[in-house]
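J.: Got a predicted structure here, sequence first:
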Amino acid sequence: MTKLKLAIFAGHGGTDSGAVGNGYHEDDLALDIMKRTTKVLRNAGHTVVNNRTADVNRNISADAKLANREKADAVIELHFDAANKKAEGTTGFYCATSNESKKLAQCVNDKLDDVFKDRNVKPDTSTRHGRLGILRETNAVATLQEIAFITNKNDVAKYNARADEVAKKIAEGILSYFGQKLTATKSPSTSKPASSTSSNKNSYYTENPGKIKTLVQCDLYNSVDFTEKHKTGGTFPKGTVFTISGMAKTKGGTPRLKTKSGYYITANKKFVKKI
């Protein structure tokens, strides 16, 4: 067996919770499956690099540089999708200009569709975000996997019931790309289901708080979609006061605060406080 160095990354984090559905935040579930998959791969003797191990902000370009610096053999970023309540299944995304990325995405997707409905693999140019930075800025073959729909109660229930199996499927898919099989060198311990929003997240402001003060360094975005390309309003230190002119929500239902300047800031009470 050739020992691999794999970058297993969790999407979103910190002030960017991602999608919300069925009592869960995407960044929590992404971190949960990242940790489980990491454990499986390390138990099989492979080296794993993570972009975060807690609920902290992440920077896509910094994560890509981490994978490049570590000379990862492959990069796999894990997310959960969101749409209407009926949408379900797993989707693998790959860099539209990379046949090898497509092969990796297909290998992972082919394993995950043993658990979730198969939505096939798609080029990153087909997403509403356009070209995905983590797939474009990394030197290694890379895929972004939308494990299942956080907005579909059956997908979420299935994930909670079979989370360790899902992690194993992801690991099997990655290794199959390299022509390897999953062989555990250690006995993995059984993990608990992911915790819901009510137990591991502070609540969000759902009504205009009027004025808020930042409890941590926060970014301002020109859209409710908190991605790098929309982070154009600047970065402000802890203790900055903002006047809030209104409220908005992401497609996944995450509340956002609209500042007087027109930019959006997190509504998470863990990061901002009404004054």
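T.: Here it is on my side, so go on.
J.: CA only for contacts and neighbour counts going forward, please
T.: Fine.
J.: helices and strands of the chain: which one has the lowest mean pLDDT?
T.: helix 197-200 (a mean of 44; mean pLDDT, DSSP states H and E).
J.: After it, which helix or strand is next? Please name it.
T.: As assigned by DSSP states H and E, the chain's next helix or strand after helix 197-200 is strand 211-214.
J.: And that next one, how far out from the chain middle?
T.: Centroid separation for strand 211-214 versus its chain: 27 Å, with C-alpha atoms, centre = their mean, to the nearest Å.
J.: Who are the packing partners of the helix or strand just after that strand?
T.: Reading on from strand 211-214 to the C-terminus, the next helix or strand found by DSSP H and E is strand 218-219. Under the contact definition 3 or more C-alpha pairs under 8 Å, 6 or more residues apart in numbering; DSSP states H and E, strand 218-219 sits against strand 235-236, strand 264-266.
J.: do you know which of those lies nearest D118?
T.: strand 264-266 (33.3 Å; C-alpha to C-alpha).
J.: buried set for that closest one?
T.: 264-266 (16 or more other C-alpha atoms under 10 Å).
J.: where exactly do the helices run in this structure?
T.: Ranges of helices within the chain are 26-43, 60-69, 99-112, 133-136, 153-177, 197-200, based on DSSP state H.
J.: Next, format the ones you listed as CSV and append distance to K270.
T.: Listed next are those as CSV, based on distance: least, C-alpha to C-alpha, whole Å:
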stretch, distance to K270
helix 26-43, 14
helix 60-69, 22
helix 99-112, 33
helix 133-136, 27
helix 153-177, 25
helix 197-200, 11
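J.: worst average pLDDT in those helices?
T.: Ranked by mean pLDDT, the helices of the chain end with helix 197-200 in last place, scoring a mean of 44.
J.: now the helices and strands packed on strand 218-219 in a markdown table, with mean pLDDT and distance to A44?
T.: Formatted as a markdown table, the helices and strands packed on strand 218-219 follow (pLDDT from 0 to 100; distance: least, C-alpha to C-alpha, whole Å):
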| stretch | mean pLDDT | distance to A44 |
| --- | --- | --- |
| strand 235-236 | 90 | 41 |
| strand 264-266 | 95 | 39 |
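J.: Of the buried residues of strand 264-266, which is the nearest to F149?
T.: T266 (22.7 Å).
J.: And that closest one, how far from G133?
T.: 22 Å (C-alpha to C-alpha, to the nearest Å).
J.: Poorly predicted segments of the chain, please.
T.: 127-131, 185-202, 252 (pLDDT under 70).
J.: Could you pull up the contacting residues of Y264?
T.: 220-224, 256-258 (C-alpha atoms under 8 Å, 6 or more residues apart in numbering).
J.: Next one: it from D16, what distance?
T.: Separation of Y264 from D16 (C-alpha to C-alpha): 12 Å.
J.: returning to that earlier point: nearest to P209, of the helices and strands packed on strand 218-219?
T.: Using C-alpha to C-alpha, those put strand 264-266 closest to P209, at 12.2 Å.
J.: quick one on the thing from earlier: dump the helices of the chain to a markdown table, plus distance to F9 and mean neighbour count.
T.: Putting these into a markdown table (distance: least, C-alpha to C-alpha, whole Å; neighbours: other C-alpha atoms under 10 Å) gives the following:
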| stretch | distance to F9 | mean neighbour count |
| --- | --- | --- |
| helix 26-43 | 6 | 24 |
| helix 60-69 | 8 | 18 |
| helix 99-112 | 14 | 23 |
| helix 133-136 | 10 | 22 |
| helix 153-177 | 12 | 20 |
| helix 197-200 | 20 | 13 |
